[in-house]
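Trainee: Build me a model:
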Amino acid sequence: MLGERNVVTKDCRRVSLRFALAYPNIYGVGMSNLGIRLLYEYINNRQDALCERFFFTKYGEVPLSMESRLPLQDFDVVGFSLQHEMDYLRMLNMLSVSGIPLRSSSRKKPIVIAGGPSASANPLPFSPFIDFVVMGEAEPLLDDLLAALSAKDAGRIGGLRGIYRAGGTAERLVAGDLDAAFHPVRQIHSQKPDEFSSSFLLEVSRGCSRGCRFCMECFLYHPRRQRSLRRIDQILDEGLASTGLNRVTCISSAFFDHTELLKILSSLKARRLRFSLPSLRISETSDALVQLLAAGGQRSITIAPETPSQRLREVINKRFGDDQLRALLTGAKGAGINSLKIYLMVGIPGETRADLQEMEGLLRMVTSSGFRPSSVHVSVNPMVPKSNTPFQWSPIISPTEYSERVSFLRRICSLHGVRRFECMDHRWGVIQAFLSTGGEEASVVLGALADDLRSGGGGDLGSWRRVLRPMGKSLEKLHAPPDLDSDLPWEAIKGAIPKSHLIREHQRAISLASGNA
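Mentor: Numbering: from 1, shown residues only. This next block holds a predicted model:
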């Protein structure tokens with residue numbers, strides 16, 4: 001048992017709802033997720049319910065609850081938090097090794113539900129295995145959902161607005177007022193000082209209004225909403241007192257758009273807290289901002305220009321100028337920040353060798369700002385088409401082109417003395433695109449993969465190839481983008497951004513990529 005603070009244990013005989021909160025990844029990843037801490041505290045605040053946590057360890061190993069070391073089948077409800085498409089197979093394995101039938105049509109208990117970003121975007125690939133999916137944010141329906149789960153009333157659960165059942169329809173819900181939305185303050189956390197999970201997680205805003213065309217969160221959790229400084233201070237007062245923590249991790253996809261940004265950082269500094277922030281948005285940057293970042297103990301920053309090319313930044317709608325980037329880098333280095341991580345994508349529509357060649361200028365800017373090449377870390381991924389975005393109709397770059405472009409960028413980095421260079425395996429990018437934009441055919445593949453695991457498979461690329469071969473499919477050609485005029489598998493789920501807007505944004509991107517805008 002890990003040394004943790006704020007663990008809740010209850011007598012299962014004294015509650016009407018036993019809820020297994022399952023995160024299909026390792027403990028450290030799961031406990032760095034605010035949603036896990038939120039649901040754990042919210043459910044355990046109810047007198048009629050208990051909530052215990054489960055994490056994935058490795059394929060084939062039976063998961064047991066952190067609190068009581070009980071198996072999943074001892075609970076009334078198993079709720080999975082799905083943050084990423086790669087969670088799906090781990091979720092199925094957690095059910096399978098626990099002796100729980102995978103298909104909802106063959107299962108009487110427990111009730112299995114899922115939620116989270118990837119689940120809300122497109123539940124079709126895993127819908128045969130899940131009884132109910134929470135679409136969008138949980139807060140608007142949590143009370144009604146927990147009451148219906150406690151009553152074991154499937155009809156009542158399925159009738160809730162914001163709940164999806166296979167073959168049906170639903171509406172993605174969002175919390176309109178973050179000040180009124182529940183925020184966990186008695187956060188469970190590891191007492192090991194070297195654990196990421198020993199930080200108080202503070203959500204300052206949700207959603208993003210920037211509209212980057214590749215980003216699912218921009219379109220899935222629209223509109224952008226923020227918590228007020230007054231409410232944030234209240235959360236900190238209660239949360240720091242109940243956890244004893246002196247480190248805060250700010251959670252937000254658009255943190256630097258908060259209208260009270262400097263006041264929030266000043267409040268954290270005044271409390272003498274160490275704090276870490278999301279990747280920095282490249283925009284107008286004040287000296288006061290970078291000084292506050294350094295005052296919080298931050299010695300490394302992350303930026304995500306996505307591409308070194310100004311032209312391609314217009315294509316993906318991530319707009320900033322080189323002068324803004326230079327000012328940010330110079331200010332950060334002057335404030336005592338010494339390390340820099342840069343995230344890039346390749347395979348953006350219209351990308352050419354000349355666009356990638358601009359990496360030389362980007363690295364010259366970095367080093368002329370004072371960062372040593374040895375302190376720079378470059379991470380490259382393929383542009384993965386995601387559902388509910390304008391790029392859902394775009395193909396993923398071919399493996400040959402990906403390899404060539406990554407090698408080209410690697411050589412440029414090496415010539416400039418940057419040795420810390422990493423890239424995603426293209427094949428996993430293809431799998432992500434397939435699961436994000438796939439329909440019921442993806443569930444057939446997932447079911448076969450679950451069978452392969454039961455036969456001793458490792459859930460690796462070999463498993464994928466072994467399963468796809470009898471289906472006449474190859475891993476390299478697994479993802480095929482839909483046509484603009486075709487129906488999309490997830491169209492029965494209503495969201496805030498209409499399909500017509502996404503089509504216009506897609507066409508605008510293609511026009512910019514071809515130089516016809």
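
Trainee: How many residues are close by T400?
Mentor: 10 (other C-beta atoms under 10 Å). C-betas here are computed from N, CA, C, even on glycine.

Trainee: Strands of the stretch 151-300 of the chain, residue ranges please.
Mentor: Counting by DSSP state E, counting those that start in this stretch, the segments of the stretch 151-300 of the chain that form strands are 163-164, 170-171, 189-190, 200-203, 205-206, 225-226, 247-251, 274-276, 300-306.

Trainee: Please identify the deepest-packed of the ones you listed.
Mentor: strand 163-164 (a mean of 25; mean count of other C-beta atoms under 10 Å).

Trainee: To which secondary structure element is the nearest residue to S68 once chain neighbours are set aside assigned?
Mentor: Nearest residue to S68 in three dimensions, chain neighbours excluded: E52, at 6.0 Å (C-beta to C-beta, 6 or more residues apart in numbering). Counting by DSSP states H and E, the element that carries E52 is strand 49-55.

Trainee: quick one: low-confidence ranges for this protein?
Mentor: Counting by pLDDT under 70, the ranges of the chain that qualify are 1-2, 193-197, 283-286, 517.

Trainee: most centrally placed residue in it?
Mentor: Centroid check for the chain by C-alpha atoms, centre = their mean gives Q83 as the closest residue, at 4.8 Å.

Trainee: hang on, the earlier thing: do you know which of the strands of the stretch 151-300 of the chain lies nearest V467?
Mentor: Ranking the strands of the stretch 151-300 of the chain by proximity to V467 (C-beta to C-beta) places strand 163-164 first, at 26.1 Å.

Trainee: Name the residues that touch that closest one?
Mentor: 123, 127, 132-135, 141, 145, 157, 170, 493 (C-beta atoms under 8 Å, 6 or more residues apart in numbering).

Trainee: Narrow those residues to those in helices?
Mentor: Secondary structure from DSSP state H places 145, 157 of the contacts of strand 163-164 in helices.

Trainee: Setting the sequence-adjacent residues aside, check what's closest to S279.
Mentor: T302 (4.0 Å).

Trainee: Might you report the residue contacts of the residue nearest to S68?
Mentor: 18-21, 65-68, 70, 75.

Trainee: So what touches the helix or strand encompassing K333?
Mentor: For K333, the element it lies in under DSSP H and E is helix 322-334. In this structure, residues lying in contact with helix 322-334 by C-beta under 8 Å, 6+ apart are 280, 282-287, 289-290, 293-294, 301, 303, 305, 310, 340, 361, 365-366, 369-371.

Trainee: List only buried entries from the residues you listed.
Mentor: If you count burial by 16 or more other C-beta atoms under 10 Å, the buried members of the contacts of helix 322-334 come out as 280, 282, 285, 289-290, 293-294, 301, 303, 305, 340, 365-366, 369, 371.

Trainee: what's the farthest-apart pair in those?
Mentor: A294 and P305 (21.5 Å).

Trainee: Name the SS class of Q73, please.
Mentor: helix (DSSP: H, G, I helix; E, B strand; the rest coil).

Trainee: Could you count how many residues lie near it?
Mentor: Count around Q73 with other C-beta under 10 Å applied: 13.

Trainee: Surely it touches I100?
Mentor: Yes: counting by C-beta atoms under 8 Å, Q73 touches I100, with 5.7 Å between them.

Trainee: any common contacting residues for these two?
Mentor: Between them, Q73 and I100 share the contacting residues P110, judged by C-beta under 8 Å, 6+ apart.

Trainee: Do you have the helices of the stretch 101-250 of the chain handy? List them.
Mentor: Using DSSP state H, counting those that start in this stretch, the helices found in the stretch 101-250 of the chain span residues 117-121, 142-150, 154-158, 216-220, 229-243.

Trainee: Now tabulate those in JSON lines and tack on mean neighbour count.
Mentor: Listed next are these as JSON lines, based on neighbours: other C-beta atoms under 10 Å:
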{"stretch": "helix 117-121", "mean neighbour count": "25"}
{"stretch": "helix 142-150", "mean neighbour count": "18"}
{"stretch": "helix 154-158", "mean neighbour count": "14"}
{"stretch": "helix 216-220", "mean neighbour count": "22"}
{"stretch": "helix 229-243", "mean neighbour count": "16"}
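
Trainee: Kindly present those as JSON lines, with separate columns for distance to P470.
Mentor: Formatted as JSON lines, the helices of the stretch 101-250 of the chain follow (distance: least, C-beta to C-beta, whole Å):
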{"stretch": "helix 117-121", "distance to P470": "27"}
{"stretch": "helix 142-150", "distance to P470": "39"}
{"stretch": "helix 154-158", "distance to P470": "35"}
{"stretch": "helix 216-220", "distance to P470": "32"}
{"stretch": "helix 229-243", "distance to P470": "52"}
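
Trainee: quick one, which of these is nearest to V418?
Mentor: Using C-beta to C-beta, the helices of the stretch 101-250 of the chain put helix 216-220 closest to V418, at 28.8 Å.

Trainee: Pull the distance from that closest one to the chain's centre.
Mentor: 11 Å (C-alpha atoms, centre = their mean, to the nearest Å).

Trainee: Repeat that for stretch 289-303.
Mentor: Centre to centre, stretch against its chain (C-alpha atoms, centre = their mean), the figure for stretch 289-303 is 23 Å.

Trainee: Using CSV, write down the CA coordinates of that stretch.
Mentor: Taking C-alpha atoms only, stretch 289-303 is exported to CSV below (Å, rounded to 0.1, in the frame of the first residue of the first chain):
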residue,chain,number,x,y,z
LEU,A,289,4.9,36.9,-16.3
VAL,A,290,8.2,35.2,-16.8
GLN,A,291,9.5,36.5,-13.5
LEU,A,292,6.5,35.0,-11.8
LEU,A,293,7.1,31.6,-13.5
ALA,A,294,10.6,31.6,-12.2
ALA,A,295,9.5,32.7,-8.7
GLY,A,296,7.3,29.5,-8.6
GLY,A,297,10.4,27.4,-8.9
GLN,A,298,9.9,26.6,-12.6
ARG,A,299,13.3,26.1,-14.3
SER,A,300,12.1,24.4,-17.4
ILE,A,301,9.4,25.5,-19.9
THR,A,302,7.5,23.7,-22.6
ILE,A,303,6.4,25.3,-25.9
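
Trainee: what does that stretch contact?
Mentor: With C-beta under 8 Å, 6+ apart as the criterion, stretch 289-303 contacts 261-262, 265-266, 268-269, 273-280, 282, 325, 328, 331-332, 334-343.

Trainee: Return the set of buried residues in stretch 175-185.
Mentor: Buried-residue list, stretch 175-185, by 16+ other C-beta under 10 Å: 175, 178, 181, 183-185.

Trainee: Using a markdown table, please lay out these together with distance to M424.
Mentor: Output for the buried residues of stretch 175-185, formatted as a markdown table (distance: C-beta to C-beta, whole Å):
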| residue | distance to M424 |
| --- | --- |
| A175 | 32 |
| L178 | 33 |
| A181 | 34 |
| H183 | 33 |
| P184 | 32 |
| V185 | 36 |
